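Asks: give the three-dimensional model of this entry:
(one chain, ligands or ions: 1)
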Amino acid sequence: MSTSIRRIGVLTGGGDAPGLNAVIRAVVKTAINEYGWEVLGIEDGFEGLIQPGRVRPLTLDDVRGILPRGGTILGTTNRANPFAYEVKTSTGVQTYDLSGDVIRHIQVLGIDLLVVIGGAGTLRIAHDLSKKGLLAIGVPKTIDNDILNTALTFGFDTALNTAMDAVDRLHTTAESHHRVMVVELMGRDAGWIALEAGIAGGADVILIPEIPYDLDVIVDKIKARSQRGAKFSIIVVAEGARPVGGEATYQAQRDPGGVKRLGGVGEVFAQQLRECCGVDTRVTVLGHLQRGGSPSAFDRLLASRYGTMAVHFAAQGKVNHMVALRCDEIIAVPLSEVTGQQKYVPLNSDMILTALSLGISLGNTRQFIEGIQSPGDTDGH
Ligand code: F6P
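Replies: Below is the predicted model:
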């Protein structure tokens, strides 16, 4: 299909992730070098299409030197959903549907196609706007790796390495003090970062949202290690982990226009451990360190491939799709097939079997784990 694209826009939405700048660079270079298109950079995600004066041209000069930089040169936000835009007024918070304004703004700017780099929330907005006439192509970003129909999101590998490094470092101090070290990792409702960092870092216990935990099973594991002479344990806890029959732990405050924020389960769990068996326990919350820093070689490469192929797919007329990784190939999948659900750790995967076979406790009995029917069982990594 020949394309009528002359000018494209690019925005980054949701939480930042290492590799965003590598995607922006690849989009700009491919659009200019291969097709002679103009590129407009939109600041702070969809906020830049709601507020005036937040759009600027991006040239080859603008993207020089940004490949190794963390963050995003365009800025980002996870609070600007045009379909439910929250505005603080003297009488409280008012919610408006500004999606029509966004479509009009895109037309006024002469943007023929929008490259939307974001996670599940941002891609859902792009999909919903596409039903109102937007031509978009999505690029899957998130350290959580929880987007459907792609083996990997960019940003995940860098976060995983940061988390693994933390687990490595906790080993020595745990061993010296004969302590239990709990490290809380991000990932929202999916356990990818915790599971993979835990296995790669040699954790003794890994708690993920997909497997509700039983404190007794974990205490037995710590005691068994102690009886074998290991007087310390490393416990990796995903921020979305929860006990059997219990809820995930949320932070007290929600940002206006933002989603409920997970956080605090590490300390809750550590307190349960202290109370039940008096174990000397310390907690580390790795937090936003997982989102910062220079992208790994893997993420730079994946982000560059995603950005480049997003432009090539758009030129071929494959719009309202998301670029995705499948069997080491970049493909395009319809936005309708990546939104609405998340990708969880499948409990029948070799990753789970590997953890169990290595003697890592996943916080519950094998029988319990085998009995869980999780949404993840239907979607491979
Ligand atoms: O989705 C990425 C992520 O880092 C999650 O792992 C975490 O729960 C959330 O974003 C934190 O968001 P914020 O930056 O708003 O605190």
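Asks: the ligand contacts on the stretch 151-300 of the chain?
Replies: Within reach of the ligand by CB under 6 Å from any ligand atom, the stretch 151-300 of the chain has these residues: 186-188, 239, 261-262, 291. Placement of C-beta: from N, CA and C, glycine included.
Asks: could you pull up the residues touching the residue of the stretch 1-150 of the chain found nearest the ligand?
Replies: For the stretch 1-150 of the chain, the residue closest to the ligand is Gly15, as judged by CB to the nearest ligand atom, at 3.9 Å. Gly15 makes contacts with 76, 78, 119, 142-143, 291, as judged by CB atoms under 8 Å, 6 or more residues apart in numbering.
Asks: now it: how far from Gly229?
Replies: Per CB to CB, to the nearest Å, Gly15 is found 42 Å from Gly229.
Asks: output whichever helix in the chain runs longest as CSV, nothing but the C-alphas.
Replies: Longest helix of the chain, by residue count under DSSP state H: helix 156-177. Extracted in CSV, the C-alpha atoms of helix 156-177 (Å, rounded to 0.1, in the frame of the first residue of the first chain):
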residue,chain,number,x,y,z
PHE,A,156,12.2,-4.9,31.2
ASP,A,157,15.7,-6.2,30.7
THR,A,158,17.4,-3.2,32.2
ALA,A,159,15.1,-3.3,35.3
LEU,A,160,15.7,-7.0,35.6
ASN,A,161,19.5,-6.5,35.7
THR,A,162,19.1,-3.7,38.3
ALA,A,163,16.9,-5.9,40.4
MET,A,164,19.3,-8.9,40.1
ASP,A,165,22.2,-6.7,41.1
ALA,A,166,20.3,-5.7,44.2
VAL,A,167,19.6,-9.3,45.1
ASP,A,168,23.3,-10.1,44.6
ARG,A,169,24.3,-7.3,46.9
LEU,A,170,21.9,-8.3,49.6
HIS,A,171,23.4,-11.8,49.8
THR,A,172,26.6,-10.7,51.4
THR,A,173,25.1,-8.5,54.1
ALA,A,174,22.4,-11.1,54.8
GLU,A,175,25.0,-13.8,55.3
SER,A,176,27.2,-11.6,57.5
HIS,A,177,24.3,-10.7,59.9
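Asks: who does Leu40 bridge with?
Replies: Gly9, Pro57 (DSSP bridges).
Asks: strands of the chain, start to end?
Replies: Here the chain has its strands, by DSSP state E, at 7-12, 38-42, 55-57, 85-89, 92-96, 113-118, 136-140, 180-185, 205-207, 233-238, 281-285, 321-326, 329-334.
Asks: just put those strands in a markdown table and tack on mean neighbour count.
Replies: Below are those laid out as a markdown table (neighbours: other CB atoms under 10 Å):
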| stretch | mean neighbour count |
| --- | --- |
| strand 7-12 | 25 |
| strand 38-42 | 23 |
| strand 55-57 | 15 |
| strand 85-89 | 13 |
| strand 92-96 | 10 |
| strand 113-118 | 28 |
| strand 136-140 | 28 |
| strand 180-185 | 27 |
| strand 205-207 | 28 |
| strand 233-238 | 28 |
| strand 281-285 | 18 |
| strand 321-326 | 22 |
| strand 329-334 | 16 |
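Asks: so for Asp168, which of these sits nearest?
Replies: Nearest to Asp168 among the strands of the chain is strand 233-238 (9.5 Å), distances taken as CB to CB.
Asks: quick check: most distant residue from the centroid of the chain.
Replies: Computed with CA atoms, centre = their mean, the residue of the chain farthest from its C-alpha average is Gln227, at 38.6 Å.
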